[in-house]
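A.B. asks: Mind looking at a prediction? Sequence and model below.
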Amino acid sequence: MARLLDRLLGAFRVLPARRVFTLPVGPALERRAPQIAAEDYAARHLIEHTLDRKANLRRLVPESADAARRYRELLGFELDALRELTRALRSASGGPELSGFLAETAQEVERLTIEIRWCEALLDRRD
């Protein structure tokens, strides 16, 4: 009986084992690296396109009321987003980096406000 069991175990050892293929498991960030790279590329492209569009509109503002209105609208969206971001960040705890960022954001809000006033002044002169 012992010999029979030994022979059966030997036979089972010779049979190929079932292979289970698994995906490599790494940190979540490493698994998402290709997707993050694609999203980063798309975001950079969108930002560059928006900045180019904004620069073209700014050049056209003195000659075109439509460009001035659209530029004013884009600046308003940007200003609203910066104000919302500032409100959210003020409630967060942070160190000197956060304080520096908030100071830079305040300067950017001031710059956008000046640009909006400039557009409105040009539009008022045309009307």
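C.D. replies: Looks like it arrived, so ask away.
A.B. asks: What is the strand or helix carrying residue 83 packed up against?
C.D. replies: For residue 83, the enclosing helix or strand under DSSP states H and E is helix 65-90. Counting contacts by 3 or more C-beta pairs under 8 Å, 6 or more residues apart in numbering; DSSP states H and E, helix 65-90 is packed against helix 33-60, helix 96-126. All C-beta spots, glycine's among them, are computed from the backbone N, C-alpha and C.
A.B. asks: Among the ones you listed, which comes closest to residue 67?
C.D. replies: helix 33-60 (3.6 Å; C-beta to C-beta).
A.B. asks: ok so, going back, pLDDT of the helix holding residue 83, averaged?
C.D. replies: Mean pLDDT, helix 65-90: 91.
A.B. asks: With mean neighbour count added, can I get the helices and strands packed on helix 65-90 in a markdown table?
C.D. replies: Listed next are the helices and strands packed on helix 65-90 as a markdown table, based on neighbours: other C-beta atoms under 10 Å:
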| stretch | mean neighbour count |
| --- | --- |
| helix 33-60 | 11 |
| helix 96-126 | 13 |
